[in-house]
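> Got a sequence here, can you model it:
(one chain, ligands or ions: 1)
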Amino acid sequence: MGTDWFRPISLEEALELRMTYPDAYLLCGATHLMTQPRTALSQYTRFIDLSRVEQLYGCHTEECVIQVGAAFSYARAADFLASTVPAVAQACRSVGTPQVRNKGTLGGAVALSLPNADLPPALLAVGAEVVLTSTVGSRVLPIEAWVCEPSQTSLQPDEIITALRFPRDQGPQAYHRLGRRAAFCFPEVAAAIAIDATLPSPYVRIAMTVGTGAFRLLHAEQFATEALSMMGTEPPEEIGMEFYGIVEETLAAHSAEIPEVVRTSAAAVAVRTLQEVWSDGDHL
Ligand SMILES: Cc1cc2nc3c(=O)[nH]c(=O)nc-3n(C[C@H](O)[C@H](O)[C@H](O)COP(=O)(O)OP(=O)(O)OC[C@H]3O[C@@H](n4cnc5c(N)ncnc54)[C@H](O)[C@@H]3O)c2cc1C
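Residues are numbered from 1 along each chain as shown. Predicted coordinates for the structure are as follows:
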């Protein structure tokens, strides 16, 4: 049986192909595709390569939103978002090797939503949105509604991820990860924190992954938000200790399978991230 390899150059062409062949394998940077065993790929007879679709490389800034195309590589996104969405830029810089950062795309990362990947906690903390497009139009989903179950996303068979959207001018943000080999392995633990300073009183959003898929830590968010409003920009040491305990407890409640050593390391990473964000008080 032969293999068809499509390389559309316009979004319209790509969407037509996607609608006609919903069972085709979509690819963009191909970093994930290249690591798949031949047996896993042998079920596909059609491949749609999105890497030449010009519209997927676009970006624009609106009053409240920054939009970047799904074909943005990690390296390009790290530069483009460095001053406006620093938590996402830092997560992009933390990914894999330079080769993966140059070829791997934001759209691919979001489509895969791997449980221990760098990007998901940062996307959750900053309140990112995913733009999905089919031949009938586009829809925008908050990142929290994107992953329905582990390894299951809301992508419909006729849709392509065309862009990611990020709120502008939020406030200080940071991302930190722990991994066995920096810039080579997926993180064992990662934390992202963003202070939304656009609200009447600033709100602290916190998301983590401990290899379980990214999730928000709502109790820790409430604690940090209240502490921020009372303490100002310098977090006293006792706030850090209490925050550490809350994060550890939250992780224990989240999954009994997270070993104690991972919980404590994760709590330490969260405290470090909070301290960095908090002391960056110029933006508040
Ligand atoms: C050696 C190596 C090291 C890595 N290290 C890290 C790491 O440290 N941290 C980390 O987070 N990740 C890491 N990764 C994973 C990497 O981030 C992903 O492979 C990458 O983001 C996928 O993007 P891509 O464009 O290359 O996807 P592709 O391989 O092209 O496609 C992957 C999947 O995404 C889908 N897809 C791609 N684009 C779209 C789109 N626009 N719309 C809909 N579906 C789409 C495809 O259908 C396919 O199923 C590593 C990968 C490798 C190979």
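
> Would you mind listing the buried residues in stretch 228-243?
228, 235, 239-240, 242-243 (16 or more other CB atoms under 10 Å). C-betas here are computed from N, CA, C, even on glycine.

> Which one among those sits at the bottom for pLDDT?
Minimum pLDDT for the buried residues of stretch 228-243 is recorded at P235 (66).

> so which of the buried residues of stretch 228-243 comes closest to the ligand?
Proximity of the buried residues of stretch 228-243 to the ligand was ranked by CB to the nearest ligand atom; the top entry is F243 with 25.3 Å.

> Surely that closest one is in contact with E226?
No. Between F243 and E226 there is no contact under CB atoms under 8 Å: 11.2 Å.

> Show me the shaky parts of this structure.
Residues of the chain that meet the criterion pLDDT under 70 lie in 1, 148-151, 180-184, 232-235, 281-284.

> Give me every residue in it lying close to the ligand.
25-33, 35, 50, 70, 95-96, 100, 103-105, 107-109, 111-112, 117-119, 155, 160-161, 185-186 (CB under 6 Å from any ligand atom).

> For C185, give its distance to R205.
Using CB to CB, to the nearest Å, C185 is found at 26 Å from R205.

> what comes up buried for stretch 205-221?
Quick answer for stretch 205-221 (16+ other CB under 10 Å): 205-217, 220-221.

> now the end-to-end length of it.
6 Å (CA to CA, to the nearest Å).

> ok, now which ones touch D196?
Going by CB atoms under 8 Å, 6 or more residues apart in numbering, D196 touches 127, 167, 170-171, 202-205.

> and if we set it to 7 Å?
Shown in contact with D196 (CB atoms under 7 Å, 6 or more residues apart in numbering): 170-171, 202-203, 205.

> By residue count, what's the longest helix in the protein?
helix 260-279 (DSSP state H).

> Now find how far off-centre it is within its chain.
19 Å (CA atoms, centre = their mean, to the nearest Å).

> Ok, stretch 74-92 next?
Distance, centroid of stretch 74-92 to centroid of chain: 11 Å (CA atoms, centre = their mean).

> still on that earlier bit, any idea which of the buried residues of stretch 205-221 is closest to the ligand?
Using CB to the nearest ligand atom, the buried residues of stretch 205-221 come closest to the ligand at T209, 9.4 Å.

> quick one: contacts for the residue in the stretch 101-250 of the chain positioned nearest to the ligand?
Across the stretch 101-250 of the chain, no residue is closer to the ligand than G108, which sits at 2.1 Å (CB to the nearest ligand atom). Contact partners of G108, counting by CB under 7 Å, 6+ apart, are 28-29, 31-32.
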